[in-house]
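1. My questions are about this predicted structure, shown below with the sequence.
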Amino acid sequence: MAEISVTVDEAGRAHLNLTGSTMVEIRQSVELAGLELTDTVPALESIVLQFDYYGRLAGIEVTDAADSVLPPGLLDDAHPPS
């Protein structure tokens, strides 16, 4: 099973790498901010899904206030970006 790595920068942005590899090329990113559901699920405003060359979900980017979007347990293991 791949290990999920989480990085959080000083501005509160986070990146979840779902592949277990640092050598993944992101081919397409999809912002969820434009969805109708943002009225009822405000966290969607800050989420960007990242897909690899084959169309597989490879990462999730949180563009603002990761501590209000992600579960605390996930952030406990986060480290600064390299």
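-> That came through, no problem.

2. hmm, which helix or strand of the chain has the shakiest average pLDDT?
-> helix 72-76 (a mean of 87; mean pLDDT, DSSP states H and E).

3. Return the distance of that helix from the chain's centre.
-> Put simply, helix 72-76 sits 13 Å off its chain's centre (Cα atoms, centre = their mean, to the nearest Å).

4. now do stretch 55-72
-> 3 Å.

5. Send me that stretch as CSV with only the CA atoms.
-> C-alpha atoms of stretch 55-72 as CSV (Å, rounded to 0.1, in the frame of the first residue of the first chain):
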residue,chain,number,x,y,z
GLY,A,55,-5.7,10.0,-15.4
ARG,A,56,-5.2,8.5,-11.9
LEU,A,57,-5.7,10.7,-8.8
ALA,A,58,-2.1,11.4,-7.7
GLY,A,59,-2.4,14.3,-5.3
ILE,A,60,-4.7,16.7,-3.5
GLU,A,61,-3.7,20.3,-3.0
VAL,A,62,-5.3,22.5,-0.3
THR,A,63,-4.8,26.1,-1.3
ASP,A,64,-5.8,27.8,1.9
ALA,A,65,-6.3,27.0,5.6
ALA,A,66,-5.3,23.4,5.5
ASP,A,67,-6.1,23.1,9.3
SER,A,68,-9.8,23.8,8.6
VAL,A,69,-10.0,21.5,5.6
LEU,A,70,-8.0,18.4,6.6
PRO,A,71,-8.4,16.2,9.7
PRO,A,72,-6.1,17.0,12.5
